[in-house]
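Engineer: Predicted model, plus sequence, below.
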Amino acid sequence: MKKGLIALIALSIIVVGCGQTATSNPSNAKKNVEANSKEENTGNISAKEMIALTGSISDRKKEIVQGIQQKGWYEKGIDFVPGVEEFQSLVQPILQDTFTQAFIEKHIVQYRETFFCECDAPGALQGSMLPSFHKPVTYEDVHQATFTAYYPANEINSGAKFHIEVTKQEGKWKINDWQFISSSYEEPFDLKAKEVKAYYEKEGNPVTLEHTLRKQDDRLNMEYAVYLFKQNNDYIAVDARNWYTVEGKERIQQFLGVQEEVFVK
């Protein structure tokens, strides 16, 4: 039963596992604040709200895991899975400010077994995502909207692209559903520098593009970019294929093989 559920989730939710200058000019920061204020004043979902919703997924997952540990459910054996009502009573207070009731029931409670699976398969909440500000938000009406978000690749999983559906309930935007679009393992994101820049600007931590490094992906027989940004006094490298991010000069040199001279203008 567990294998069947895990296979279903892997197909419907997540990915195949495994990888312009932004400016700190105060006038640009002011423009970003003004743009966000206009979004909020019109009732549309703001960049701040999009980042808060998709960026909180990892924290919500950690809180659920902590709640399970506190209840001692992990000590009940590998075959133990709490009942629907029991599990929902745990996750509801944790998730209700981020997700709608429909989402909680469809994506979390229904697949509660994945929180107890000792395997590498993706769970009901894989991790935080990064909204795209390169593509516009689409609105069905004043209470329903859809935008694109990326689950960035890490050392274990490849990246994934999603449609995020949000609903406004009692004046607050919540995630109502999401649909998996593609995996970066099969279909690289091909991020542009301006798209990465836009995310950091909206997040409130602008970056400056220092270099665009060209590399070869032998598996896909294609060239791809790694963007080297500077943020304050440190460096961030972003893989255009999958949003894989490495922070810090030493880590970038270690994991991406970037030579010292690249950091010297």
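Structural biologist: Nice, thanks for sending it over. Numbering: from 1, shown residues only.
Engineer: Could you point out which residue ranges in the stretch 1-150 of the chain have low pLDDT?
Structural biologist: For the stretch 1-150 of the chain, residues meeting the criterion pLDDT under 70 lie at 1-42, 119-122.
Engineer: which helices and strands does whatever helix or strand Phe162 lives in pack with?
Structural biologist: Under the criterion of DSSP states H and E, Phe162 resides in strand 160-169. Strand 160-169 sits against helix 47-55, strand 144-151, strand 172-183, with contacts defined as 3 or more CB pairs under 8 Å, 6 or more residues apart in numbering; DSSP states H and E. C-betas here are computed from N, CA, C, even on glycine.
Engineer: ok, which stretches of the stretch 51-200 of the chain are helices?
Structural biologist: Remark: helices assigned in the stretch 51-200 of the chain by DSSP state H, counting those that start in this stretch are 57-71, 84-95, 101-103, 193-203.
Engineer: for the most centrally placed residue in the chain, what are its contacts?
Structural biologist: In the chain, the residue lying closest to the centroid (CA atoms, centre = their mean) is Met129, at 0.9 Å. Met129 makes contact with 54-55, 57, 149-152, 162, 164 under the criterion CB atoms under 8 Å, 6 or more residues apart in numbering.
Engineer: at 7 Å what do you get?
Structural biologist: 54, 57, 149-151, 162 (CB atoms under 7 Å, 6 or more residues apart in numbering).
Engineer: Among these, the buried ones, what's the ChimeraX command?
Structural biologist: A single ChimeraX command is used to select the members of the contacts of Met129 judged buried by 16 or more other CB atoms under 10 Å:
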select :54,57,149,150,151,162
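Engineer: from the contacts of Met129, which two are the most distant?
Structural biologist: Within these, Ile57 and Tyr150 form the most distant pair, 12.4 Å apart (CB to CB).
Engineer: Report the separation between Glu201 and His134.
Structural biologist: Distance, Glu201 to His134, by CB to CB, to the nearest Å: 12 Å.
Engineer: ditto for Pro82
Structural biologist: 41 Å.
Engineer: neighbour count winner among the two?
Structural biologist: Neighbour comparison, Pro82 and His134: the larger count goes to Pro82, with 19 against 14 (by other CB atoms under 10 Å).
Engineer: List the contacts of that one.
Structural biologist: Going by CB under 7 Å, 6+ apart, Pro82 touches 73, 112.
Engineer: ok, now His143?
Structural biologist: So His143 contacts 167-168 (CB under 7 Å, 6+ apart).
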